[in-house]
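K.L.:
quick one, what's the 3D model for this:
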Amino acid sequence: MTSDHVFVCGSPALDFCATLRARRTSAFETLTAPDRLDAWYREAGVADEVALATAADVEQAKEVREAVYGLVTARRKGEPYEEVALATVNAAARRPAAAPQLTASGRWTRATQAEALSSVARAAVELLAGPDVPLLKECGNPECTRVYVDRSHGMRRQWCGMESCGNRIKAAAYRARRRSAQAPAAG
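P.N.:
Here you go, the predicted structure:
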């Protein structure tokens, strides 16, 4: 199965939030089955090996994801946290996290579903309580709802990623400019 997970946000917690894309329009869900959640944890580097997820694990992960997204949105807008979202993230973060182990071939992390989800929740706590809060931005593509950490020079980054949103928006703007430049010549 090919990956539809994208890691452009600068934080595992933000990349996890991005597993539900285009929240204001089509709301494209990438965590559609237990194996997709397992794949996300591996692709994100949360765990090299994760216990197989169940449908209940997916639902719990989505609940934590939406709580993290709500907290990130509130923090970005300078609004107070919603209590249920805060309690959901804190409960997940309180559980033991995935612990990396040193092996003869390097680092290896084996995790249960709860440990993997705790690692993501802890990343959200660290992000929202850390120095990167002023760097949180939402993608400039009106259809995209990814939030990312803008570490660009001068904090001028506009897109979650050039490969996904940036190129698409720039290409559309270029085509629009060409059409408008050609319109007077045709008349």
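K.L.:
what about G106, how many neighbours?
P.N.:
G106 has 9 neighbouring residues, counting by other C-beta atoms under 10 Å. All C-beta spots, glycine's among them, are computed from the backbone N, C-alpha and C.
K.L.:
same thing with A114?
P.N.:
Neighbour count for A114, taken as other C-beta under 10 Å: 16.
K.L.:
contact partners for it?
P.N.:
R95, P96 (C-beta atoms under 8 Å, 6 or more residues apart in numbering).
K.L.:
which other helices and strands does the longest helix along the chain contact?
P.N.:
Determined from DSSP state H, the single longest helix within the chain is helix 55-77. Contacting helix 55-77 under the criterion 3 or more C-beta pairs under 8 Å, 6 or more residues apart in numbering; DSSP states H and E are the following elements: helix 12-17, strand 20-21, helix 34-44, helix 83-94, helix 113-128, strand 136-138, strand 147-149.
K.L.:
can you redo the ones you listed as CSV with mean pLDDT and distance to S105?
P.N.:
As requested, the helices and strands packed on helix 55-77 are arranged in CSV below (pLDDT from 0 to 100; distance: least, C-beta to C-beta, whole Å):
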stretch, mean pLDDT, distance to S105
helix 12-17, 96, 23
strand 20-21, 90, 35
helix 34-44, 97, 17
helix 83-94, 98, 30
helix 113-128, 98, 21
strand 136-138, 93, 36
strand 147-149, 93, 31
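K.L.:
and these, which is most packed in?
P.N.:
Mean neighbours per residue, mean count of other C-beta atoms under 10 Å, is largest over those for helix 12-17, with a mean of 25.
K.L.:
now that helix - C-alpha only, CSV.
P.N.:
What follows is helix 12-17, C-alpha atoms only, in CSV (Å, rounded to 0.1, in the frame of the first residue of the first chain):
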residue,chain,number,x,y,z
PRO,A,12,4.9,14.9,15.0
ALA,A,13,1.8,16.3,16.8
LEU,A,14,1.1,18.7,13.8
ASP,A,15,1.7,16.0,11.3
PHE,A,16,-0.7,13.8,13.2
CYS,A,17,-3.3,16.5,13.0
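K.L.:
ok, and what's touching it?
P.N.:
Against helix 12-17 from outside (C-beta under 8 Å, 6+ apart): 5-9, 40, 44-46, 65, 68-69, 72, 119-121, 123-124, 127, 146-149.
K.L.:
run the chain-centre distance for it.
P.N.:
Distance of helix 12-17 from the chain centroid (C-alpha atoms, centre = their mean, to the nearest Å) equals 3 Å.
K.L.:
and the longest strand along the chain with helix 113-128, angle?
P.N.:
Ranked by number of residues, the top strand in the chain under DSSP state E is strand 106-111. Orientation note: strand 106-111 sits at an angle of 110 degrees relative to helix 113-128 (axes from the mean of the first three to the mean of the last three C-alpha atoms, to 10 degrees).
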